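Colleague: Next come a sequence and a model predicted from it.
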Amino acid sequence: MAIKSFKLSLFGLFLAAFSFNASAGERGLSVGETSPNPELRYYNKDQRFYYGNISTLYNYKEDNTLLVAFMPQISKENNYADVMISAFDRYFAEGLAFSGQYDWEKNKSKLKILVISKNDESEIREYIEQKGIDFEMVSDINMDAANSFGISSWSSSGDGSAVYVIDKDNKIVYADNNYKGEGEKLRTVQKEIFAQLNVADLSAEIVLNDKILMPGDDAVDFSFSYVENGSLFGSENKPAKLSDYIGKKNVIIAFYPAPFSMSCMMEARTFDSYAEEQTIKNITNSNIGSNEDVEILMVSNSGTGVLKSWGDDLKLKNVKLISDGSGKISYLYSSFNPMGFNNRTLFIIDKSGKLSYIDWDYKVDETDFSQVTDHLKLISEK
């Protein structure tokens, strides 16, 4: 039986963390610099039909925290634009990232959000209307605002965005000048925003587990709640345990950084389609209960509100989206990254309850997915 090797060492983890922000500073400003104060004409849902409001950036943000993204284009040529804007909208403008004791409705004015792109004003207004975005957007067709932040030009519509978090004193506290909707970066932005707003971050309490799990080990049982797909009533969390499936199905546990991100979206859709194909195949062949049955659990540290919104957007029907805000499951399966998110790891548990396959650095591509499906086929033939 072919088992994938341990692909991510401790050194590799910190190397990845270093390279994570290595692109910051190649263009645009850096952490510690004072934000410029360009003049802006901004639009929101209420202002999309007329010539928007004019303000300087300082007057716009007042004494609040600002999340601002400079984006080359909102267009089909920019394949991450919709995902990134949706993430900022759901996580921060709608407040789905905030839970627990933090009263988002009372405190939401403390965070301002701007997306500035090289689209003309009519395109900005149309985009806001189509997407129903709950924050402001700015047309920067001459790149006056971008230039003030040290962004001289875009080479293509798909260039990475420049994303900054600016504190109440107008200092840049987060900077990434090559942001393309990655879940790892989204979680890091969230971590910085939580710090600025004094929001308790559950991920800060997650303890790292340096235990190296190996194929052949017994799978560690855990209880969880998952977001019911297609529910019309809130999050509709359903309780379950891993052991519920032992003896009945093979199980994939896929850890991933964050909903509303590019690779995570592709991974969720791929697994959802695969699970649906397996179900149809088993029904057609009267093969229900066979070794080919598979349950797919996708685990992140995001809250149920975000998961519910994301699952509905993607129309997921088959995978179970699990919120692991406490990090308990991440700890048991050594899948948490100290930067504040789950690494993209994958485990297959066979019907006997053994860890049958482990990928510590799962890539969302055809090669790694094929190795997963090949392994499932291999153990189903036993």
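Modeller: Yep, that arrived.

Colleague: CA only for contacts and neighbour counts going forward, please
Modeller: Fine.

Colleague: Check the residue nearest to residue 121 when sequence neighbours are not counted and give its pLDDT.
Modeller: Closest residue to residue 121 apart from its sequence neighbours, by CA to CA, 6 or more residues apart in numbering: residue 139 at 5.4 Å. For residue 139, the model assigns a pLDDT of 96.

Colleague: neighbours around residue 139, how many?
Modeller: 22 (other CA atoms under 10 Å).

Colleague: Same question for residue 34.
Modeller: Residues near residue 34, counting by other CA under 10 Å: 16.

Colleague: what's the answer for residue 128, then?
Modeller: 20.

Colleague: Give the buried residues for the strand or helix carrying it.
Modeller: Assessed by DSSP states H and E, residue 128 sits inside helix 121-131. Along helix 121-131, these residues count as buried under the neighbour rule (16 or more other CA atoms under 10 Å): 121, 124-125, 127-128.

Colleague: Please apply the same query to stretch 157-173.
Modeller: 157-168, 170-173.

Colleague: Can I take it that residue 174 is in a strand?
Modeller: Yes. Assigned with DSSP: H, G, I helix; E, B strand; the rest coil, residue 174 falls within a strand.

Colleague: can you pull the contacts of it?
Modeller: 30-31, 163-166, 189, 192 (CA atoms under 8 Å, 6 or more residues apart in numbering).

Colleague: same check, this time on residue 341
Modeller: Residue 341 sits in contact with 184, 187-188, 203, 256-258, 300-301, where contact means CA under 8 Å, 6+ apart.

Colleague: right, and residue 191 touches residue 201 too?
Modeller: Yes. Residue 191 lies in contact with residue 201 (CA atoms under 8 Å); the separation is 7.2 Å.

Colleague: Give me the longest helix you can find in the protein.
Modeller: Selection of the longest helix in the chain by residue count, based on DSSP state H, yields helix 262-284.

Colleague: and the next element down the chain from that one?
Modeller: Using DSSP H and E, the first helix or strand after helix 262-284 is strand 294-300.

Colleague: and whichever helix or strand comes after that following strand, how far from the chain's centre?
Modeller: Moving toward the C-terminus from strand 294-300, the next helix or strand (DSSP H and E) is helix 304-314. Remark: helix 304-314 is offset 11 Å from the chain centroid, using CA atoms, centre = their mean, to the nearest Å.

Colleague: which helices and strands sit right next to helix 304-314?
Modeller: Contacts defined by 3 or more CA pairs under 8 Å, 6 or more residues apart in numbering; DSSP states H and E place helix 304-314 against strand 223-227, strand 320-323.

Colleague: Quick one: these as a markdown table, columns for mean neighbour count too.
Modeller: What follows is these, written out as a markdown table (neighbours: other CA atoms under 10 Å):
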| stretch | mean neighbour count |
| --- | --- |
| strand 223-227 | 18 |
| strand 320-323 | 24 |
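
Colleague: Hmm, residue 302 is touching residue 327, no?
Modeller: No. The criterion here is CA under 8 Å, and residue 302 misses it with residue 327 at 10.1 Å.

Colleague: sorry, back to before: strand 294-300 and the longest helix of the chain, what's the angle between them?
Modeller: 160 degrees (axes from the mean of the first three to the mean of the last three CA atoms, to 10 degrees).

Colleague: State the mean pLDDT of helix 262-284.
Modeller: Helix 262-284 comes out at a mean pLDDT of 85.

Colleague: by how many degrees do it and helix 304-314 diverge?
Modeller: Going by the same axes, to 10 degrees, helix 262-284 makes 70 degrees with helix 304-314.

Colleague: Please enumerate the helices of the stretch 51-200 of the chain.
Modeller: For the stretch 51-200 of the chain, applying DSSP state H, counting those that start in this stretch gives helices covering 57-61, 81-87, 104-107, 121-131, 144-148, 183-197.

Colleague: Buried deepest among these, which one?
Modeller: helix 81-87 (a mean of 21; mean count of other CA atoms under 10 Å).

Colleague: picking that back up, sort out which one of the buried residues of stretch 157-173 lies nearest residue 353 for me.
Modeller: Taking CA to CA as the measure, residue 353 lies nearest residue 160 of the buried residues of stretch 157-173, at 42.9 Å.

Colleague: Residue 353 is nearest to which of the helices and strands packed on helix 304-314?
Modeller: Going by CA to CA, the one of those nearest residue 353 is strand 223-227, 15.0 Å.

Colleague: avg pLDDT for the closest one?
Modeller: 89.

Colleague: Check stretch 339-347 too.
Modeller: So the average pLDDT for stretch 339-347 ends up being 93.
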